[in-house]
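In: Sharing a model prediction with you, sequence too.
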Amino acid sequence: LSAALSRGCVHRDVKPANLLLHSSGVWKLCDFGTARLVPEGATHPVTQVIGTSPYMSAAALRGQQNHAADLYALGVTVHEALCGRLLHPRPPEMSEVDYARAVIETPPTISPALPRRWQTTVAALIGLHGPLDAPTLAAWFRATRGHGEPPTPPGGGPGLRRTLATEVASAAPAVAPAAVAEHAPPPPPPAPARRMFVPAPPEPAPGAPPPPPPPPGGPAAPGQPAAARPAVGGAMAPGGTPLWARALQAIDPSRVLRRRAVALAIDLVVVAVLIVLWYFGSIYATYTRIDAATLPAEVPPCQAVGEYWDCWVSPNDDVYISRNLNPVKGLFVVGPALLVLVVLQGRTGYTPGKFVRNLRVVGIDRRPPGMRRALVRTALWAVDGFPWFVPLLGLLVAGKRRDRRRIGDLVAKTWVIDRKPPPGV
């Protein structure tokens, strides 16, 4: 969209139906049949409103279709993709005219259940932070991923909140001032003055040793700034966060890789438990019960049964013998791993660890990957796991990619997504 708007091409109908997902995972904007060439800062004069009303701003519904209208439509699309709800929900019984009037007269409502960075991103797209062009917003989002405030618009123009309140007051003078003020952002309440009392330390007893100094990194003394305390446990970043935590946050801001690492650890534990149960269960199955009454009484039972690998006499004088205590151990390692990581993952998209960590493996059609793809992505752990005491290669590849896919996912054409969205999203 930034590439189109930077060339003066206004799409005029940005919505989910006009977005296509390429097999490489890249989104494409299509259907430029209603597009017009409009210079930046200008408005295309129309005699008929073009577009889809739930994705049109108040200005676009009045016929002022410009660059800001396309950005607003993209903001509505992103909001709907994240939480399944429009910025102006439309009841089924509401007519097109009444809905357009509601969009013009009421400000958009961003879902509070969205993560903070997505609330900021949607607010910047729909103009709550002022008029910003598409290249500026695209550069800001590439650099911050929505973490941080958007850039200040040139000239510090009014945001959509103030513009909407002004339009409502001018377009509908019969509306009471209280109704307009209801949609304006409330002023921040003044911070109440607080008086803090610090109790004096108790007097030491006569002859008692002086109290020990406070430990490093402990509470600051009265009047001592918190920044003057020495750091404990490694270097500290300016915000008080350890540098290793800030580095981990930079590599994995959405915590996807950490969740996948925990899921893998859970899967390995489950596979190990299955291997132990399967192995000892197979050994138990090799034992045969022999009635002691059928054996000669003058010979010990275990000598009377002939050749055996193991012999055990129960308290009830029953004799159990095993003629083979050396099963093929490789089957007990491969079997549970194939069951959990290939069959279960291929048919359902889940493994025990991914189910616990709210993750799922899917193909590009968001369906379970199938056993062939599951086998490929599991076998390629031999590459992702290099140097094998820690999966460093897979971590580096996934950390560099926006979709957090390791080499096994890239070859098998699979994605790891949320099993179900968080509450309210």
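Out: Good, I have the coordinates. Numbering: from 1, shown residues only.
In: so where's the stretch 101-250 of the chain shaky on pLDDT?
Out: Applying pLDDT under 70 to the stretch 101-250 of the chain picks out residues 154-250.
In: mind redoing it with 50?
Out: Screening the stretch 101-250 of the chain residue by residue with the criterion pLDDT under 50, one finds the ranges 158, 160-188, 190-201, 214-239.
In: Who does V416 form a beta bridge with?
Out: V361 (DSSP bridges).
In: Tell me who's in contact with it.
Out: When the contact criterion is CB atoms under 8 Å, 6 or more residues apart in numbering, the partners of V416 are 256, 260, 354, 359-361, 404-405, 409. C-beta here means a position set from N, CA and C on the backbone, and glycine is covered the same way.
In: Just the buried residues out of those, in ChimeraX syntax.
Out: Here is the ChimeraX command that picks out the buried ones among those, judged by 16 or more other CB atoms under 10 Å:
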select :256,260,354,359,360,361,404,405,409
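In: will you turn the contacts of V416 into JSON lines that also has distance to P135 and pLDDT?
Out: Supplementary listing: those in JSON lines, determined by distance: CB to CB, whole Å; pLDDT from 0 to 100:
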{"residue": "V256", "distance to P135": "29", "pLDDT": "72"}
{"residue": "R260", "distance to P135": "34", "pLDDT": "85"}
{"residue": "K354", "distance to P135": "39", "pLDDT": "90"}
{"residue": "L359", "distance to P135": "35", "pLDDT": "90"}
{"residue": "R360", "distance to P135": "36", "pLDDT": "91"}
{"residue": "V361", "distance to P135": "36", "pLDDT": "92"}
{"residue": "R404", "distance to P135": "27", "pLDDT": "82"}
{"residue": "R405", "distance to P135": "28", "pLDDT": "88"}
{"residue": "D409", "distance to P135": "32", "pLDDT": "91"}
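In: Please narrow the contacts of V416 to those residing in strands.
Out: Per DSSP state E, strands hold the following members of the contacts of V416: 359-361.
In: Can you list the residue ranges for strands in the protein?
Out: Taking DSSP E as the criterion, the chain contains strands spanning 9-10, 19-21, 27-29, 36-37, 287-290, 310-313, 319-322, 359-362, 415-418.
In: Just name the most buried of those.
Out: Neighbour counts averaged per stretch over the strands of the chain are highest for strand 9-10, at a mean of 22; criterion: mean count of other CB atoms under 10 Å.
In: Quick one: list the elements packing against that one.
Out: Of the remaining helices and strands, those touching strand 9-10 by 3 or more CB pairs under 8 Å, 6 or more residues apart in numbering; DSSP states H and E are strand 36-37, helix 67-83.
In: ok, of these, where does mean pLDDT dip lowest?
Out: Sorting the helices and strands packed on strand 9-10 by mean pLDDT places strand 36-37 lowest, at a mean of 86.
In: In the sheet, which strands lie alongside that strand, parallel or antiparallel?
Out: Applying DSSP bridges, strand 36-37 is found paired with strand 9-10 (antiparallel).
In: what about the partner strand, average pLDDT?
Out: Taken as a whole, strand 9-10 has an average pLDDT of 89.
In: contacting residues around G8?
Out: In this structure, G8 makes contact with 37-40, judged by CB under 8 Å, 6+ apart.
In: I figured V271 was touching P336, is that so?
Out: Yes: at 4.9 Å, V271 counts as touching P336 under the criterion of CB atoms under 8 Å.
In: re the thing from before, now the ones in strands among the contacts of V416 as TSV including distance to L86?
Out: Formatted as TSV, the entries for these read as follows, by distance: CB to CB, whole Å:
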residue	distance to L86
L359	28
R360	27
V361	31
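In: Show me which of these is closest to W278.
Out: V361 (24.2 Å; CB to CB).
In: how close does the closest one get to A73?
Out: Spatial separation of V361 from A73 under the definition CB to CB, to the nearest Å is 33 Å.
In: ditto for I104
Out: The gap separating I104 from A73 is 15 Å, by CB to CB.
In: Of those two, which one has the most company?
Out: More neighbours surround A73 than the other of I104 and A73, with 27 against 19 (other CB atoms under 10 Å).
In: I'd like the contacts of G8 laid out as JSON lines, including distance to A374.
Out: Written out in JSON lines, the entries for those read as follows (distance: CB to CB, whole Å):
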{"residue": "L37", "distance to A374": "49"}
{"residue": "V38", "distance to A374": "49"}
{"residue": "P39", "distance to A374": "52"}
{"residue": "E40", "distance to A374": "49"}
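In: Is there a quick ChimeraX command that grabs whichever of those are buried?
Out: Here is the ChimeraX selection string for the buried members of those, based on 16+ other CB under 10 Å:
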select :38
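In: Report pLDDT for the residue lying closest to L19 once chain neighbours are set aside.
Out: Of all residues beyond its chain neighbours, the one nearest L19 is W27 (5.5 Å), with distances taken as CB to CB, 6 or more residues apart in numbering. Per-residue confidence at W27 stands at 87 (pLDDT).
In: Return the residues in contact with K400.
Out: K400 sits in contact with no residue, where contact means CB under 8 Å, 6+ apart.
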